[in-house]
Every structure is written in structure tokens, then in C-alpha cells.
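**Student:** Provided below are the primary sequence and the corresponding predicted coordinates.
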Amino acid sequence: MLGRLLGRSPRLWWQVARPVLHPARAIGDKAKGAQDAALQTANPDYKVFKNDRRPTNFDKKVLVWAGRFKKEEDIPKHVSSEVLDAARNSVRIKVCYIMIALTLLGCLAMVITGKEAAKRDHTLLRMNIEKKAQWRAEVEKDEAAVGKPQ
């Protein structure tokens, strides 16, 4: 019966079947259209693009730190995803450079402290020998204490 009402038009079938098969998509499209209409009334010169999105607080900090904007107040309500991706990539590179520098400083500090310890003859070998000598002395004391009462 539905087939007779709609005929053979695929567009009519799609308009009827889409809300039934994919209700979230149908509602989402209506909501997106309402959001676009609201943006048009707020700023008639601005056209909403498909890959524009509203930046989060973290995205705003990334955009400022990447140097795209001077202050968080300068960031518009909608930013393209390409700008966000470029800012994230530049921040990611800056973080990698900082991690490389910290790793090199840590290695340099370990080399310096290792050389100072070697000059004082404070090596792992010496520490292990002293520790084992202390353990042997404790064992000998325990054996001597156990041997006296008998």
C-alpha cells in the first residue's frame, strides 16, 4: 500500500524511509539546520562551513600557545578544523623539543654526577663490597651470639 502511495520516486521513498531507518541522522540534520539559521541571524556575513567547529578551552590555549592568536578573547566562536590541526601539530612539535632538551639535560647531569662519584671512589662496586662486608659482620655476630649460650 505504501508503494502505491509513493509510486516509483526514489526521493519520496528516501524522505519517508530516512526518519524511520536513521532517526538520529534526520533529527541531527534538522538541529544542524537550526544551528546554521541561528548563526546566520547572529552574523549574516558569516557562512558556516562543514569543518568549522567551536573550540574548547583547551583548544583556545593551544591556539594561543601556537601563536595563531594573541589572546583567548581574539579567538572567534568558530574555527576551522585545519587551523586547529595545524596549531596542535605545532604545539606537539614544541612539546617534543622540550622533552628532547630535558632528556639531554638529564643525561648531562648523570654524566657529571657519575664522574664526580668516580673521583671520590663512590662506585657501585665499592658500595656492594661495603654492603656485603656489613652483612658478613652481622652474620658473624649472630653466630657468635647463638654459640655463647650453648
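**Tutor:** Perfect, thanks for sending it.
**Student:** burial count for Ile93?
**Tutor:** Close neighbours of Ile93, defined as other C-beta atoms under 10 Å, add up to 11. C-beta coordinates here come from the backbone N, C-alpha and C atoms, glycine included.
**Student:** so which strand or helix has it?
**Tutor:** Assigned by DSSP states H and E, Ile93 belongs to helix 81-119.
**Student:** Show me which positions of that helix end up buried.
**Tutor:** Judged by neighbour count (16 or more other C-beta atoms under 10 Å), helix 81-119 contains these buried residues: 83-84, 87, 91.
**Student:** Run through the neighbouring helices and strands of it.
**Tutor:** In terms of contacts (3 or more C-beta pairs under 8 Å, 6 or more residues apart in numbering; DSSP states H and E), helix 81-119 is packed against strand 52-53, helix 57-66.
**Student:** tilt between the last one and helix 81-119?
**Tutor:** Relative orientation of helix 57-66 versus helix 81-119 (axes from the mean of the first three to the mean of the last three C-alpha atoms, to 10 degrees): 70 degrees.
**Student:** which residues sit against helix 57-66?
**Tutor:** Helix 57-66 is touched from outside by 55, 69-72, 75, 79, 83-84, 86-88, 90-91, 94, with contacts defined as C-beta atoms under 8 Å, 6 or more residues apart in numbering.
**Student:** Show me what counts as buried in it.
**Tutor:** For helix 57-66, by 16+ other C-beta under 10 Å, it's 59-60, 62-64, 66.
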